[in-house]
Each structure stands twice: as C-alpha cells, then as structure tokens.
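Chemist: turn this into a model:
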Amino acid sequence: MRAKMYIKSIYKQVNENKSAKEYRKDLKEISTLNLRRNSKFNVMSVYGAIKTLNNVKYKDNLSIYLASEYGCIEDLIKVLNQINSDDSMVMPFDFLNVNTNNTGFLISQALKTIGNNINITSEDLSFEKAFELAYFDFYFKKVDEILIGGVDESLSNVLNHNSIINNLYNLDSKDNSSWLYINNDKTDSLAKIKHFDFFVNLEELNKYLKIIDYKIVGLNQFAKKYMSELEIAEDLIYKNKDNFSGTYSVADIIDLLEEKEESSIYISLDSKKRAYLFFFKSI
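Modeler: As a prediction, the model looks like this:
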C-alpha cells in the first residue's frame with residue numbers, strides 16, 4: 001500500500017519587486033545565517049523555507065526540492081553586464097551568486113538538515129516537475145518528509161522580459177517564495193494529496209475529470225487559455241490572485257488550499273496542452 005501524503009504547513013510570500021537588502025533585513029530577524037553577499041534569490045529561498053517550518057518538528061533527513069524558472073536572474077544580468085563592459089571585471093561573489101545549485105545547500109544549512117536537496121527548472125512547469133520528482137520519491141519510500149517550494153525573482157527590471165517568457169495575460173512579474181511541507185502524518189494536517197498525475201493530452205485529462213468529485217478548480221495560465229477544451233463547470237473555477245512569477249502555480253495552490261473546500265483540484269497545462277493535475281482533500 002502506498003504511503004499517504006499530507007500537507008502540514010504552507011507559506012506564501014508574493015511581493016512587488018523588492019531589493020536583496022530588504023530581504024536580508026527580513027531574514028536577519030529570524031536567522032543567524034549570514035547571507036550578506038548572497039543573491040536576492042538565495043535570501044528569498046532561505047527565508048521562505050525557514051518561515052514554512054516555523055514551529056514545525058521536522059527530521060534532520062528532510063528532503064528539499066526547490067523549483068525556479070529564472071534562478072538568480074538579477075545577479076546573472078549583473079555578471080553579463082560586467083563581462084560585456086570594458087571598464088569592469090567580474091567580481092567573485094557576483095560570479096558565485098549566478099550558481100543556483102548552491103541554494104539548496106544554504107537552505108539545508110539554515111535548517112540544519114542532511115537530507116537530499118535538489119534544484120529543478122523546466123520551462124513553464126518548474127514547480128510541477130519538482131513536485132513530480134518529490135511525489136515519486138515519496139511513494140517509492142525514498143523519502144518520508146518533503147519541503148518543496150517555488151522561488152523566482154521579479155522580472156520587472158529585465159528589459160522586454162515578456163518577449164522571452166510566457167506571460168499570456170501581461171501580468172506584473174512578482175517576487176515569489178512559496179512553500180509546502182509534506183509528510184505521512186495525518187495529525188493536524190491542512191489537506192491530503194489525494195492524487196497527482198500527468199496527462200499527455202486533454203482527452204485523457206477530461207476522462208479523469210469525469211470520474212472524480214471536486215468543489216473548486218484552479219487553473220494555470222495555459223489551462224485558462226484552453227479552458228473551452230476542458231470539461232469543467234465554469235462556476236467551480238477559482239479566480240486566481242495576482243501571483244504571477246516564474247513558479248506562480250505553488251502560490252496559486254496555496255490560495256486554493258486556503259479556501260478550505262472539501263475537495264479541490266489544480267490543473268497546469270503547458271503550451272502543448274500536456275497537463276499535470278493536483279487533487280486535494282481537506283482534513
């Protein structure tokens with residue numbers, strides 16, 4: 001029998017574009033970890049992870065899954081400008097801050113954990129891909145405790161950013177650090193993850209939608225675009241808040257869970273109409 005997955009704690013921080021200095025000030029209030037020269041992305045990630053596990057008793061082998069579309073985008077642009085300028089040179093900390101792979105280590109250091117930490121990016125569905133890996137690791141009993149988040153810096157300072165990303169509704173790009181803590185203990189849980197699945201096309205997804213009962217449904221931007229092809233009742237569609245970032249789906253899911261409906265689903269499509277479906281049951 002497969003182990004059961006329960007969401008025990010959630011945290012969402014979605015802001016207008018803030019400076020790294022502001023986030024460092026916030027982090028200093030809850031952690032002694034010195035990230036004075038670290039990227040804004042690293043500071044946002046560590047802050048969100050700590051806040052999610054505030055007052056939570058977790059094991060030291062906690063596994064951490066971090067999803068991001070753009071990673072340390074502000075520092076990357078800074079380094080590229082240094083490279084392309086005849087009057088400057090690449091500074092060591094700026095170069096190190098381009099490496100998103102060190103973020104998981106910093107989170108582990110802040111939380112004092114020794115479990116796996118994995119960073120994942122995948123066009124438009126980075127959080128969904130990270131969740132898929134965590135889901136299968138959990139169900140094949142490789143892990144029994146998960147911290148999974150989506151973190152992205154705002155692109156508002158990136159010139160013509162909408163020409164290089166999919167922002168179908170021209171929403172303002174936000175800072176986002178949103179997280180779920182999951183284990184196999186039902187006690188004091190917020191919701192049970194009833195099912196999670198991938199569908200290669202909308203026909204297969206619609207077949208599944210016919211056999212499940214849900215009270216509310218959240219949609220990512222591509223699911224909204226192709227809504228007429230989804231067999232869902234329009235009166236059940238949740239009106240998403242303005243969470244737009246590279247990994248906005250995790251923030252949307254948190255908003256959906258906070259509605260505390262008996263059962264809810266979240267549908268993420270990509271540009272080729274392939275789909276991920278999250279199915280939650282309230283406890």
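Chemist: run a quick neighbour tally on Ile7.
Modeler: Around Ile7 there are 20 other residues, counting by other CB atoms under 10 Å. For every residue, glycine as well, the C-beta is placed using N, CA and C.
Chemist: kindly apply the preceding question to Asn162 instead.
Modeler: For Asn162, the neighbour count with other CB under 10 Å is 13.
Chemist: show me where this structure has helices.
Modeler: For the chain, the helices defined by DSSP state H occupy 20-28, 40-52, 73-83, 92-97, 102-111, 126-139, 202-209, 221-225, 248-258.
Chemist: among these, which comes closest to Tyr181?
Modeler: When those are compared by CB to CB, helix 40-52 sits nearest Tyr181, at 5.3 Å.
Chemist: list the buried ones in that closest one?
Modeler: For helix 40-52, the neighbour count (16 or more other CB atoms under 10 Å) marks 40-52 as buried.
Chemist: most tightly surrounded among the helices of the chain?
Modeler: helix 40-52 (a mean of 25; mean count of other CB atoms under 10 Å).
Chemist: touching, Gly246 and Asp175? I think so.
Modeler: No: if you go by CB atoms under 8 Å, Gly246 and Asp175 don't touch, sitting 10.4 Å apart.
Chemist: okay, and the common contacts of the two?
Modeler: Listed as contacting both Gly246 and Asp175 by CB atoms under 8 Å, 6 or more residues apart in numbering are Asp152.
Chemist: the two: which has the busier surroundings?
Modeler: Between Gly246 and Asp175, counted using other CB under 10 Å, the more crowded position is Gly246 (26 against 23).
Chemist: grab the nearest non-local neighbour of the more buried one.
Modeler: Among residues not flanking Gly246 along the chain, Glu69 sits closest, at 2.7 Å (CB to CB, 6 or more residues apart in numbering).
Chemist: who's in contact with the one you found?
Modeler: If a contact means CB under 8 Å, 6+ apart, then Glu69 has 121, 123-124, 126, 152, 165, 245-247 as its contacts.
Chemist: same question, Gly71
Modeler: Contacts of Gly71 were listed using CB under 8 Å, 6+ apart, and they are 41, 100, 121.
Chemist: tell me the contacts of the closest residue to Phe131 other than its chain neighbours?
Modeler: Leaving aside its chain neighbours, Phe131 sits nearest to Ile148 (6.1 Å; criterion: CB to CB, 6+ apart). By CB under 8 Å, 6+ apart, the contact set of Ile148 is 64-67, 127, 130-131, 134, 179-180, 182, 250.
Chemist: repeat that for 6 Å
Modeler: Applying CB atoms under 6 Å, 6 or more residues apart in numbering to Ile148 gives the contacts 65, 134, 180.
Chemist: roughly how far does it sit from Lys239?
Modeler: 25 Å (CB to CB, to the nearest Å).
Chemist: show me which of the contacts of Ile148 is closest to Ser189.
Modeler: Closest approach to Ser189 among the contacts of Ile148 (CB to CB): Leu180, at 11.5 Å.
Chemist: what about the closest one, how many neighbours?
Modeler: Here the count is done by other CB under 10 Å, and Leu180 has 27 residues near it.
Chemist: is it bridged to anything, and to what?
Modeler: Beta bridges link Leu180 to Ile10, Ile148, judged by DSSP bridges.
Chemist: now swap in Ile267 and tell me
Modeler: Beta-bridge partners for Ile267, by DSSP bridges, are Leu219, Leu277.
Chemist: check the gap between it and Phe280 for me.
Modeler: Counting by CB to CB, the gap from Ile267 to Phe280 is 12 Å.
Chemist: can you check Asn166 too?
Modeler: Noted for Asn166: a distance of 25 Å to Phe280, by CB to CB.
Chemist: equivalent analysis for Asn101, please.
Modeler: Counting by CB to CB, the separation of Asn101 from Phe280 is 31 Å.
Chemist: tell me which of the two has more neighbours.
Modeler: Legend: neighbour count by other CB under 10 Å for Asn101 and Phe280, higher for Phe280 (25 against 11).
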